[in-house]
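Engineer: Got a predicted structure plus its sequence, pasted below:
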Amino acid sequence: MLQVVSAIRRNADGSWHGHTTDGDAFVKAQIDNGAEIEGARVLVLGAGGAGSAIVISMLDAG
């Protein structure tokens, strides 16, 4: 669990839901600019909250 949040929303039951968009946005930007994510080799330098989210999204994308 990353324990980082970029956006939050209030659920109907009054609880909160948080989500980080850093990783998803990074992967989308790469794909939109012609990168082929699946099977790519990636070097990560630094892995704070955003970096960790990017790594997870890259792994999810293949």
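Structural biologist: Done, it's in.

Engineer: residues contacting the residue positioned nearest the centre of the chain?
Structural biologist: Central residue of the chain (CA atoms, centre = their mean): Gly23, 1.8 Å from the mean position. Contact analysis of Gly23 by CB atoms under 8 Å, 6 or more residues apart in numbering lists 50, 53-58, 60. C-beta coordinates here come from the backbone N, C-alpha and C atoms, glycine included.

Engineer: Now the buried members of these.
Structural biologist: Burial by neighbour count, judged by 16 or more other CB atoms under 10 Å, picks out 50, 53-58 from the contacts of Gly23.

Engineer: With respect to Gln30, which of those is nearest?
Structural biologist: Of all the buried ones among the contacts of Gly23, Met58 has the smallest distance to Gln30: 8.5 Å, by CB to CB.

Engineer: need the contact list for that closest one.
Structural biologist: 23, 26-27, 37, 40, 42.

Engineer: shaky segments in this protein?
Structural biologist: 1 (pLDDT under 70).

Engineer: those strands in it, which residues are they?
Structural biologist: Under the criterion DSSP state E, strands of the chain are mapped to 7-10, 16-19.

Engineer: What sits closest to Val55 if chain neighbours are left out?
Structural biologist: Val44 (5.7 Å; CB to CB, 6 or more residues apart in numbering).

Engineer: cool, Glu38 as well?
Structural biologist: Gly62 (3.6 Å).
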